[in-house]
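1. Got a predicted structure here, sequence first:
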Amino acid sequence: MAQTGKELLHPEEAITSFLLIRHGHTAATEAGRLYTDPEAELTEQGVEQARAVAAWIVKAKPDVVISNRSKRVKATSDIICGALDLPPLYIEGFDEWKVGDWEGRTYLDIKKNDPQLYEAWSQDPISSRPPGGESIVDLCSRIQDRLLETISTHAGKTVALVTHAGIIRATIVYALGMSVHNFWRISVPVGSISRVDFSHSFATVHYLSFKPDM
C-alpha cells in the first residue's frame, strides 16, 4: 500500500475476491435456447469443462464455493468442490434470467412465430420483459442485492461463485459501474472463469471469460 511518511495514501480495506464460474455445456446451450430450466443437465463436454475448471481453481484456493440447485450448476460445483475438498454453500437468488413464456425457445423461433412480440422486445431488450419473465433491469437489480449480501457475509474471503451467464454479466455491469445497456455486450462462455474484487470503495475486474485447458 502506497504511503506518505507514516500516513497511508489509501486506507486498508477488506477485499472480497469473486471467481465467477459459468456452468459447463448443456444441450440447450448448444441449441441456442432460452432457458431458466433447473432440470437441464451437463453434457459430457460440460463435465469435462467442469473438471478443467476444478483442476485450475485448486491453485486459487477459494475459501467458499457458492452454488444453486439447478442441475447444471450443482453438477459443476460438485466437481469443483470435490477437487477443493470443500462443501458447496447453496444460496437462493442467484438463479438465471427468468424468461417466462419464452422458456425453451430460440430467438429465431420467437422472431418467426411471434414477430410483433419479438420486435417490441428487440427495440428495448434491457427494460422489456419476456411474457411472464423479468427484464434485464430486474435481473441486475436482483443480483446486485444478492451480491452485496454475499460480500458482507464473506468479506475479505475468496469466493468461487458457480452460476449462470446472466448473473456474471450483471456482476460485471455492477462492478464497473456501467450502464445496464452494456449487459448483452459481455461474452461469458460455458466453462469459463472471471475474477472481480470488491471492497467498500472500489471494484476491480482482473480477467473475464478465461477458459482453462481441457
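-> Thanks, I have the structure now.
2. Provide a list of residues in contact with the residue nearest the centre of the chain.
-> The centre of the chain sits closest to I168, judged by C-alpha atoms, centre = their mean, with a distance of 2.7 Å. Counting by C-beta atoms under 8 Å, 6 or more residues apart in numbering, I168 touches 20, 22, 186, 188, 194. Quick note: C-beta positions are derived from backbone N, CA and C, even for glycine.
3. same thing with I136?
-> So I136 contacts 97, 125-127, 166, 180, 183-184 (C-beta under 8 Å, 6+ apart).
4. and it, how far is that from R129?
-> 9 Å (C-beta to C-beta, to the nearest Å).
5. one step back: which member of the contacts of I168 is positioned nearest I66?
-> If you rank these by distance to I66 using C-beta to C-beta, L20 comes first, at 10.2 Å.
6. residues contacting A54?
-> 79-80, 82-84.
7. Tell me which helix or strand the residue nearest to the centre of the chain sits in.
-> helix 165-175 (DSSP states H and E).
8. ok so, going back, now the contacts of A54: which count as buried?
-> Applying a neighbour-count criterion of 16 or more other C-beta atoms under 10 Å, the buried members of the contacts of A54 are 79-80, 84.
9. okay but E92 is in contact with N68, surely?
-> Yes: counting by C-beta atoms under 8 Å, E92 touches N68, with 7.4 Å between them.
10. the more surrounded of those two?
-> Relative neighbour count places N68 above the other of E92 and N68, with 23 against 8, counting by other C-beta atoms under 10 Å.
11. so who does that one touch?
-> 74, 90-92, 94-95, 163.
12. Buried among the residues you listed? Need that as a selection in PyMOL.
-> Remark: buried members of these, expressed as a PyMOL selection using 16+ other C-beta under 10 Å:
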select buried, resi 74+91+94+95+163
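13. can you redo the contacts of N68 as CSV with secondary structure and distance to Y207?
-> Below are these laid out as CSV (DSSP: H, G, I helix; E, B strand; the rest coil; distance: C-beta to C-beta, whole Å):
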residue, secondary structure, distance to Y207
K74, helix, 25
Y90, strand, 26
I91, coil, 24
E92, coil, 28
F94, coil, 21
D95, coil, 25
T163, strand, 17
